[in-house]
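Chemist: Just to be clear, the model below is a prediction. Sequence and coordinates:
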Amino acid sequence: MDALTLFGLFAVTMMLVCYAAEDRSPWFILIFAVSCALGSAYGFLQGAWPFGLVEAIWAVVAARRWLMRRSADSV
């Protein structure tokens, strides 16, 4: 297993863990967004640009969800 594959495995594992725990804290949503960005980087680095593009979109969606949840929790 090479370093790029380990990087991808780490990114996807963090996405799964954070998605499962996102009801516990808005911070898990933010970490999920960062994990999606890492997954996007992995996709582009390995040459699967459609995967990288979709993961980049998910990162933006998750970051927006984090901002909305954070502002809703502060009210």
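Modeler: Done, it's in.
Chemist: so is Phe10 in a helix, a strand, or just coil?
Modeler: helix (DSSP: H, G, I helix; E, B strand; the rest coil).
Chemist: Counting neighbours, what do you get for the closest residue to it other than its chain neighbours?
Modeler: Leaving aside its chain neighbours, Phe10 sits nearest to Leu38 (7.4 Å; criterion: Cβ to Cβ, 6 or more residues apart in numbering). C-beta coordinates here come from the backbone N, C-alpha and C atoms, glycine included. Using other Cβ atoms under 10 Å, Leu38 has 19 other residues around it.
Chemist: And the pLDDT for Leu38?
Modeler: Listed pLDDT for Leu38 reads 98.
Chemist: what do you get for the one 10 residues further on?
Modeler: Ala48 carries a pLDDT value of 95.
Chemist: That one and Ile29, how far apart?
Modeler: 25 Å (Cβ to Cβ, to the nearest Å).
Chemist: Looking at the two, which has the bigger crowd around it?
Modeler: Ile29 (22 against 14).
Chemist: Tell me the spatial nearest neighbour of that one, not counting adjacent residues.
Modeler: Nearest one to Ile29, counting by Cβ to Cβ, 6+ apart, is Trp66 at 4.2 Å.
Chemist: Could you give me the buried positions within the host helix or strand of that neighbour?
Modeler: For Trp66, the host element (DSSP states H and E) is helix 49-74. For helix 49-74, the neighbour count (16 or more other Cβ atoms under 10 Å) marks Phe51, Gly52, Glu55, Ala56, Trp58, Ala59, Ala62, Ala63, Arg65, Trp66, Arg69 as buried.
Chemist: Right, I'll call it a day here.
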